[in-house]
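Engineer: have a look; sequence and predicted model below, questions after that.
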Amino acid sequence: MAGFIIKRLLSVIPVLFGVSVLVFLLLHMAPGDVTTTLLGPMATEEARQAIRLRYGLDQPLPVQYLTWLGQLLSGDLGTSWVHRQPVAQMILPKFGATALLALSAAFLAYVIGFFSGILAANRAYSATDRVVMAVTLVLGSTPLYWLGLILVLIFALELRWLPATGMMKIVDGGGIVDIAQHLILPAVSSALPSAAIVARVTRAAMVETLKQNYIRVARAKGISRRTILRRHALRNAAPPILTVGGMELGYLLGGVVFTEVVFAWPGIGNQLYQSIVGHDIPTVQASVLLIALAFVLINLVVDVVNIYVEPRSRLAVASGRA
């Protein structure tokens, strides 16, 4: 097991390297001039040249990338061009707000998706199954930002049940109840599309498992359907469900960018959006790398959990084939 984890951790290095190269090139090839964003359209050419010299923008792209990579390997995420402060001080505290939103959305997605998938699989090819699959098809195809705007329109503006933006009240806010109230709409908005994916995967895995011969034998022995689902079918259908659940958590960490913008949630996704608009390249690069690192580590955890759940995976790891 230790060898498997070490191997997977080493595989993180080329993934993050590829992400860093891709993000660096995309940001530097994007239309627009950084100096115009930082100084305004009326800036003189001398001022623009001073900015280019200050941030090394006059150097060739390979030199700029290697300089930034050297700083990154030394633990320096760089300095924000817009806010003139270390990037780490800007984004690391906001990662907690993003993690709170992503974990809350993931919990809702797992609960809603899992039980919806079980309900559909237990009544496969019935009207209930068709309704559940139709709803999940619609939700799975719905953009996060559009769903968020609809929820704000209904529950914040029309019904006035919940706050529309922010993480807490500006005045006399910050308690658990206040944060929970602000969390409901963005968490539900992020959770519903992911719940649809989890439901469809759960339904497919359960339907396939319920067709196996050992399930037929259990039924022939007179074991109740509930016991068969809980003790036999769920355990064997768990690996794909756990895998897609881990992937959805990783996607939520990146996908909440749209949710955080819609709801003005003070997380790393909102900061990433503002940095992209402001051409704050060091902040964008660090934010994307942090999200990519979290995504890769989440998938590693899911793989380890699958090894303990799935006997065949344990055998593959033990024999060195994984």
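Structural biologist: Cool, got the structure.
Engineer: shaky segments in the stretch 201-322 of the chain?
Structural biologist: 254-255, 309-322 (pLDDT under 70).
Engineer: tell me the spacing between Val63 and Thr128.
Structural biologist: The spacing between Val63 and Thr128, counted by CB to CB, to the nearest Å, is 62 Å. (Each C-beta comes from the backbone N, C-alpha and C, glycine too.)
Engineer: so Met168, which of the three states?
Structural biologist: coil (DSSP: H, G, I helix; E, B strand; the rest coil).
Engineer: quick check, pLDDT for it.
Structural biologist: On pLDDT, Met168 comes in at 79.
Engineer: with Gly174 instead?
Structural biologist: For Gly174, pLDDT reads 66.
Engineer: same check, this time on the one 10 residues further on
Structural biologist: pLDDT, Ile184: 92.
Engineer: quick check: closest non-adjacent residue to it.
Structural biologist: Among residues not flanking Ile184 along the chain, Leu162 sits closest, at 5.6 Å (CB to CB, 6 or more residues apart in numbering).
Engineer: surely the one you found meets Phe155?
Structural biologist: Yes: between Leu162 and Phe155 there is a contact at 5.0 Å, judged by CB atoms under 8 Å.
Engineer: any shared contact partners between those two?
Structural biologist: Shared contacts of Leu162 and Phe155 (CB atoms under 8 Å, 6 or more residues apart in numbering): Leu185.
Engineer: next, count neighbours for Leu296.
Structural biologist: Slight slip there: residue 296 is Val, not Leu. 18 (other CB atoms under 10 Å).
Engineer: also Phe24?
Structural biologist: 19.
Engineer: please identify which helix or strand holds it.
Structural biologist: helix 2-29 (DSSP states H and E).
Engineer: show me what secondary structure element comes after that helix.
Structural biologist: helix 34-39.
Engineer: what does whatever helix or strand comes next after that next one contact?
Structural biologist: Once helix 34-39 ends, the next helix or strand along the chain (criterion: DSSP H and E) is helix 45-54. Here helix 45-54 makes contact (CB under 8 Å, 6+ apart) with Asp33, Val34, Thr35, Thr36, Leu38, Leu39, Leu57, Asp58.
Engineer: including neighbour count, distance to Ile5 and pLDDT, could these go into CSV?
Structural biologist: Putting the contacts of helix 45-54 into CSV (neighbours: other CB atoms under 10 Å; distance: CB to CB, whole Å; pLDDT from 0 to 100) gives the following:
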residue, neighbour count, distance to Ile5, pLDDT
Asp33, 15, 45, 72
Val34, 20, 41, 76
Thr35, 19, 46, 78
Thr36, 14, 47, 77
Leu38, 18, 44, 76
Leu39, 15, 48, 78
Leu57, 18, 41, 79
Asp58, 12, 44, 81
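Engineer: wait, which of those is closest to Phe115?
Structural biologist: Val34 (49.1 Å; CB to CB).
Engineer: that closest one: what's it in contact with?
Structural biologist: Ile51, Tyr55, Leu57, Trp81, His279, Ile281.
Engineer: with Tyr251 instead?
Structural biologist: Ser194, Phe295.
Engineer: what helix or strand is it on?
Structural biologist: helix 234-263.
Engineer: many thanks, have a good one.
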